[in-house]
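[1] fold the following and give me the result.
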Amino acid sequence: MLVFVVWFALPLGAQAGSIGGKDDPSGVPGQWYLGDTPASIDPAKPPIVFVHGFNSSSKTWWENNDMYQTAFQNGYQTAFIDVHPDKNMWTNGPLLSAKLREIYNHFGGKKLVVVAHSKGGIDTQNALVHQGAYPYVSNLITLSTPHHGSQLADLAYSSWTSWLTGILGSKNDATYSLQTAYMKNYRIQTDSHANLYRNPIYTFGGTSWGSFGSSLYWGGVYLNSYGSNDGAVTVTSSRLPYATEVRVSNWNHSSIKEGRSTFSLFRPYLTSTQAASFMTSSFAEASASLEEEVEDSNEIHRGGQFTKQAAQTFVVEDGAQLIHVDWLSDQQMNHVQLVSPSGQVYGKPTYSKDEGVFKGAYHHLFQVATPEAGTWRVEAKHPKAAYLMSVNITSPLNEAVHIDSITPSSLDVTHTQPNIQQLDGDIKITKNNKTINKPFKNMNKKQKIAVSFTEEGVYNITLDVKGKTKNGKSFERTLVKSIYVDGNGKIYQ
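    As a prediction, the model looks like this:
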């Protein structure tokens, strides 16, 4: 069992009930819990503090998970902290700093090791670096932490997705801070800080999405154009150039935090002391530069709200090898079907419920190999719903269109595909729920768009393009990108 600790409310040692039981008190930000004390305490073993991630709570470590039990059976004292699941690192960092100090004092001044899943690693590093909690901790171990953000967070703020994310409550401080451009600015602030090297960091990354139709499968398909991923976070984002990467393996975003998966691998780093070589490192001497993530153009997005029924169309070009079509909605629907250009009906989507950025939404997923070229249609019926239609295409045209050369007054849309004869587009730039449209027609290799990126904050850029190849066949794509403008007008992208 766990011992439930609420400072100023319950005395230390009050019983919380069995793990995962109906009296389980987890989920209140700022509360922390003690695991059972091992029969024999080894003074060489530091207490482990577990920090949960985005859209989660401390019970993620013991409910349908053997991580807590594995740590206990290996003789480690444990503690579990609840942070705000929907707040950013600047809110959770100070909270964690205060709780790490309390836990450190509870264990008599023994250095702690923090094991953090997903966004919990960002929150913890904020506590150590920006909030000065580094004296209480020896090492930080991060399990699939999006140190550089997630393109799924960018998608959540795109113009096509706003209906759905608004209803789901996905537009919150946590999601906002996980946009890739926001995190680029945050990395500059953090990675140049004087406290950066106070605590060694050990990272893990995953490469599995689970089976077709699982809760992480669609996220894996979407992120695949940016590189290997675990259904929520890319391997590249899980890395830091000055950290030690312990292992990248075929875990998904959930299994990577299970005791049977990773405990034995991070056990060597459960120490109260730090490697001397780490303390003398410098950012310039970091192991290697992070590889740049590829930005393929392989998606088509449409979204909105409807009453009773809705239909959306999309075009698949000649030569496409595979399509994944997902109707992501705030409601599970009994009637969603995919219709091919020749009229073939695919009427049995695979259902799953999202547990990540779009938590609470339902996936209705189709997969079609060697799809017909032409106009496809998705039809849905329901009394009332919000949705995002997301189409992923495997095709030779996936590297054709890019957004680049962004300045305070313009951005360039370019294409590098000699087979493209015509390209029209529409750019939607959204900031603080205000959107401006910038359409263009008949672009050549490059189209310069006049814009204004001068106000501080995150801008979401959604680009829809429609075109024809030299043989007269149609194609279309949607690109989503975020940029961050700091107080000095510098652009991070």
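[2] which parts of the stretch 101-250 of the chain are strands?
    112-117, 137-143, 201-206, 244-249 (DSSP state E, counting those that start in this stretch).
[3] turn the ones you listed into JSON lines, including mean neighbour count and mean pLDDT.
    Any C-beta I mention is one placed from the backbone N, CA and C, and that applies to glycine too. Listed next are the strands of the stretch 101-250 of the chain as JSON lines, based on neighbours: other Cβ atoms under 10 Å; pLDDT from 0 to 100:
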{"stretch": "strand 112-117", "mean neighbour count": "26", "mean pLDDT": "98"}
{"stretch": "strand 137-143", "mean neighbour count": "26", "mean pLDDT": "98"}
{"stretch": "strand 201-206", "mean neighbour count": "26", "mean pLDDT": "98"}
{"stretch": "strand 244-249", "mean neighbour count": "16", "mean pLDDT": "97"}
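[4] which residue ranges form the helices in the chain?
    Assigned by DSSP state H, the helices in the chain fall at 67-73, 89-106, 120-129, 151-156, 162-168, 173-177, 180-191, 217-223, 259-266, 276-279.
[5] so who does Ala385 touch?
    Residues near Ala385 by Cβ atoms under 8 Å, 6 or more residues apart in numbering: Gln305, Phe306, Ala310, Ser329, Asp330, Gln331, Met333.
[6] surely the fifth one and Thr165 touch.
    Put plainly, it is Asp330. No: contact criterion Cβ atoms under 8 Å: Asp330 and Thr165 do not qualify, at 9.6 Å.
[7] quick one on the thing from earlier: who wins for most neighbours among the contacts of Ala385?
    With neighbours defined as other Cβ atoms under 10 Å, the most crowded of the contacts of Ala385 is Ser329; it has 27 neighbours.
[8] show me what that one is bridged to.
    Tyr362, Tyr387 (DSSP bridges).
[9] excluding chain neighbours, what is closest to Asn65?
    Spatially, and ignoring its direct neighbours in sequence, Asn65 is nearest to Glu258 (5.5 Å; Cβ to Cβ, 6 or more residues apart in numbering).
[10] and that neighbour, how many residues sit next to it?
    Glu258 - counted by other Cβ under 10 Å - has 17 other residues nearby.
[11] then Gly487?
    Gly487, neighbours per other Cβ under 10 Å, totals 7.
[12] gap between it and Ser237?
    25 Å (Cβ to Cβ, to the nearest Å).
[13] hang on, the earlier thing: what's the most buried one of the helices of the chain?
    helix 120-129 (a mean of 28; mean count of other Cβ atoms under 10 Å).
[14] quick revisit: so which of the strands of the stretch 101-250 of the chain is nearest Gly347?
    strand 201-206 (33.2 Å; Cβ to Cβ).
[15] what packs against the closest one?
    With contacts taken as 3 or more Cβ pairs under 8 Å, 6 or more residues apart in numbering; DSSP states H and E, strand 201-206 sits against strand 137-143, strand 244-249, helix 259-266.
[16] got TSV for those, with distance to Glu102 too?
    Putting those into TSV (distance: least, Cβ to Cβ, whole Å) gives the following:
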stretch	distance to Glu102
strand 137-143	13
strand 244-249	28
helix 259-266	24
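[17] and these: which comes nearest Pro383?
    Ranked by Cβ to Cβ, the member of the helices and strands packed on strand 201-206 that lies closest to Pro383 is strand 137-143, at 40.5 Å.
[18] quick one: list the elements packing against that closest one.
    strand 112-117, helix 120-129, strand 201-206.
[19] can you do 6 Å?
    Applying 3 or more Cβ pairs under 6 Å, 6 or more residues apart in numbering; DSSP states H and E, one finds that strand 137-143 contacts strand 112-117, strand 201-206.
[20] dump those strands to JSON lines, plus distance to Lys448.
    Formatted as JSON lines, the helices and strands packed on strand 137-143 follow (distance: least, Cβ to Cβ, whole Å):
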{"stretch": "strand 112-117", "distance to Lys448": "43"}
{"stretch": "strand 201-206", "distance to Lys448": "37"}
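[21] with the contacts of Ala385 in mind, which one is nearest to Asn432?
    Gln305 (21.2 Å).
[22] which ones are touching that closest one?
    Counting by Cβ atoms under 6 Å, 6 or more residues apart in numbering, Gln305 touches Trp163, Ala386.
[23] ok, now how distant is it from Gln331?
    Gln305 is 11 Å from Gln331, by Cβ to Cβ.
[24] show me the domain layout of this structure.
    2-285, 296-394, 400-493 (automatic domain parsing).
[25] distance from the chain centre to the shortest one, please.
    Centroid separation between domain 400-493 and its chain, computed with Cα atoms, centre = their mean, to the nearest Å, is 23 Å.
[26] first-to-last residue distance for it?
    19 Å (Cα to Cα, to the nearest Å).
[27] buried set for stretch 465-477?
    Of all the residues in stretch 465-477, those buried under the rule 16 or more other Cβ atoms under 10 Å are Val465, Gly467, Lys468, Thr469, Lys473, Ser474, Phe475, Glu476, Arg477.
[28] residues in contact with it?
    297, 300, 315, 317-318, 397, 401, 419-425.
[29] about what we covered before: turn the buried residues of stretch 465-477 into TSV, columns for distance to Pro43 and pLDDT.
    Listed next are the buried residues of stretch 465-477 as TSV, based on distance: Cβ to Cβ, whole Å; pLDDT from 0 to 100:
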residue	distance to Pro43	pLDDT
Val465	63	93
Gly467	68	89
Lys468	72	88
Thr469	70	83
Lys473	71	86
Ser474	70	91
Phe475	65	91
Glu476	64	94
Arg477	60	94
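[30] let's have these in CSV, adding distance to Lys184.
    Shown next, in CSV, are those (distance: Cβ to Cβ, whole Å):
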residue, distance to Lys184
Val465, 25
Gly467, 30
Lys468, 35
Thr469, 35
Lys473, 37
Ser474, 35
Phe475, 31
Glu476, 29
Arg477, 24
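[31] check those residues against Ala127 and report the nearest one.
    Proximity of these to Ala127 (Cβ to Cβ) peaks at Arg477, which lies at 40.7 Å.
[32] now that closest one: how far from Lys468?
    13 Å.
[33] any idea what the residue nearest to Leu423 when sequence neighbours are not counted is bridged to?
    For Leu423, ignoring the flanking residues on the chain, the nearest one in space by Cβ to Cβ, 6+ apart is Gly467 at 3.9 Å. Assessed by DSSP bridges, Gly467 has beta-bridge partners Leu423, Phe475.
[34] so, low pLDDT: which residues of the stretch 151-300 of the chain?
    The model of the stretch 151-300 of the chain has pLDDT under 70 over residues 275-296.
[35] now the contacts of stretch 465-477: which count as buried?
    By 16+ other Cβ under 10 Å, the contacts of stretch 465-477 give Ser297, Ile300, Val315, Glu317, Asp318, Leu397, Val401, Asn419, Ile420, Leu423, Asp424, Gly425 as buried.
[36] can I get these in TSV with distance to Ile41?
    Below are the buried ones among the contacts of stretch 465-477 laid out as TSV (distance: Cβ to Cβ, whole Å):
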residue	distance to Ile41
Ser297	56
Ile300	58
Val315	65
Glu317	64
Asp318	68
Leu397	61
Val401	60
Asn419	68
Ile420	67
Leu423	67
Asp424	69
Gly425	64
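[37] still on that earlier bit, quick one, which of the strands of the stretch 101-250 of the chain is nearest to Met443?
    Comparing those by Cβ to Cβ, strand 201-206 comes nearest, at 37.6 Å.
[38] that closest one pairs with which strands?
    Sheet pairing for strand 201-206, using DSSP bridges, gives strand 137-143 (parallel), strand 244-249 (parallel).
[39] enumerate every residue touching the residue nearest the centre of the chain.
    Residue closest to the mean C-alpha point of the chain, counted by Cα atoms, centre = their mean, is Ser150 at 4.0 Å. Contacts for Ser150 (Cβ under 6 Å, 6+ apart) come out as Leu178, Val233.
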